[in-house]
Every structure is written in structure tokens, then in C-alpha cells.
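# the sequence isn't on hand, but the structure is:
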């Protein structure tokens, strides 16, 4: 059947604007590491950048590095391939960001830390939790008459599996750090040391109570 003039004009407009009428690609999950300038407010600015653009952030962790004035940020995000590529390009364009690399799971060491407290009032629960913990090489950190506190430090998918098994019991509370990672030795994804490091300003003298202005 011939194409109607209205439909042809609509498709032409989409083409000129660089839009695609094809269905979006499959959802993926990727881990990125970024070297960022260590300055006040940088975390809030970068997290605000993510939320303003509608990126799905599953995990965001910031920590120190061996480079003065720079911090390392590890981001786990989910989306289509084009969306994740866009995230990386836009991050690299930010003034506070020095470098962004992708950490491929099969070529990197990715670790997540979970602390979970499980109620053991029901008979048999304690032995089951300990047995599962041993299978995952988890560590029992504390014990009381009614609770067990367990720590798991492993790949994110193994932590997910452990937590799914703990959901069968009564979880009192839990805390999870998010993912940190480094590329494997000789593998792609290593962040290079910049030729010029940011200037690190030393903290000024801390005033005593007597030196503070009156309130």
C-alpha cells in the first residue's frame, strides 16, 4: 500500500533530527571508574548531573587514591548501550573529571561489601545461616542469643545471591557499600596518572573557641 503523505513527512522529520524509530536496545549494566578532582561539592555536582539527565545509577562509591588532589569514583549504571555510551561521553566532558574507563567484569576485580543482621529466634535458623555463610566464605562478625551479624565481601552477583538466600529468614537490618573495582593486571581499564596533579591546599589553622567571633 502507498505511504500516506503525513506519515512520510513525520518519518522525514525524525530522520532530519537524528532520531530513530527502531525499538531501544536491550538493557545492560556497566561499571565505570572515574578520576575526579577532590574538591568540596564534587560528589553532589556529579550525582546531580546523573539525576538531571535521567541516568539509572545502581551504585556510586567515592574513595581516595594514591594521587594527591584526586579521588576515584566507581559508578554502576544500567541502560541501553547508547544510553551508557552517552553517560561516559558526558562524564568525560565535565570539568571535574580527568578520565573515565569501563571496568569489564571478566577482566576486572569488582567487589561489594554486605553487612547483614539476621534474626535467629526460630529453631534451626542459626545453623542454616552459618551453613550458607560458609558456602559463600562469609564471616560471622557477631552473635547474640537472637541474632547473627554476617559480612560478605565478594563480586556483586555473589552478594546478590547471598542476600537472596538471606531473604528467606528475618533480616533485622543490612548495609551495603556499593561496588569498587580495579582492572586486572595488564588488562584494559587502568586509569593513568595525570601529568599534572591538582594543587592541594593545606587546611588552615583550626580556631579555638576563644578565637571564634561571638554568636
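Sure, I can see it. Because the structure is a prediction, the values reported are computed rather than measured. Residues are numbered from 1 along each chain as shown.

# which helix or which strand is home to residue 44?
Per DSSP states H and E, residue 44 falls inside helix 42-52.

# that helix - contacts with which helices or strands?
On a contact count with 3 or more Cβ pairs under 8 Å, 6 or more residues apart in numbering; DSSP states H and E, helix 42-52 meets strand 56-64, strand 70-79, helix 81-92. The way it works is simple: take the backbone N, C-alpha and C, and place the C-beta from them, glycine included.

# residue 30: which of these is closest?
Smallest distance to residue 30 across the helices and strands packed on helix 42-52 (Cβ to Cβ): 5.1 Å, for helix 81-92.

# quick one: the strands in the protein?
28-37, 56-64, 70-79, 97-102, 108-119, 139-143, 147-154, 171-183 (DSSP state E).

# packing partners of the third one?
Contact partners of strand 70-79 among helices and strands, from 3+ Cβ pairs under 8 Å, 6+ apart: strand 28-37, helix 42-52, strand 56-64, helix 81-92, strand 171-183.

# do that again at 7 Å, thanks
With contacts taken as 3 or more Cβ pairs under 7 Å, 6 or more residues apart in numbering; DSSP states H and E, strand 70-79 sits against strand 28-37, strand 56-64, strand 171-183.

# surely residue 99 touches residue 193?
No - when contacts are counted by Cβ atoms under 7 Å, residue 99 is not listed as touching residue 193 (9.8 Å).

# kindly state the beta-bridge partners for the nearest residue to residue 156 once chain neighbours are set aside.
Distances taken as Cβ to Cβ, 6 or more residues apart in numbering place residue 112 nearest to residue 156, at 4.5 Å, with adjacent residues excluded. Bridge pairing for residue 112 (DSSP bridges) gives the partners residue 154, residue 179.

# coming back round to it: out of the helices and strands packed on helix 42-52, which is closest to residue 132?
Closest to residue 132 of those, according to Cβ to Cβ: strand 56-64, at 23.6 Å.

# about what we covered before: the helix holding residue 44: how far from the chain's middle?
13 Å (Cα atoms, centre = their mean, to the nearest Å).

# now do the buried residues in it.
Within helix 42-52, the residues that count as buried by 16 or more other Cβ atoms under 10 Å are 42-43, 46, 49-50.

# got a markdown table for those residues, with pLDDT and distance to residue 66 too?
Converted to a markdown table, those look like this (pLDDT from 0 to 100; distance: Cβ to Cβ, whole Å):
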| residue | pLDDT | distance to residue 66 |
| --- | --- | --- |
| 42 | 85 | 18 |
| 43 | 83 | 20 |
| 46 | 84 | 21 |
| 49 | 83 | 26 |
| 50 | 81 | 26 |
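
# which of those sits closest to residue 133?
residue 43 (33.2 Å).

# what bridges to the closest residue to the closest one other than its chain neighbours?
Distance criterion Cβ to Cβ, 6+ apart; nearest residue to residue 43, sequence neighbours excluded, is residue 62 at 5.7 Å. Residue 62 has the following beta-bridge partners by DSSP bridges: residue 73.
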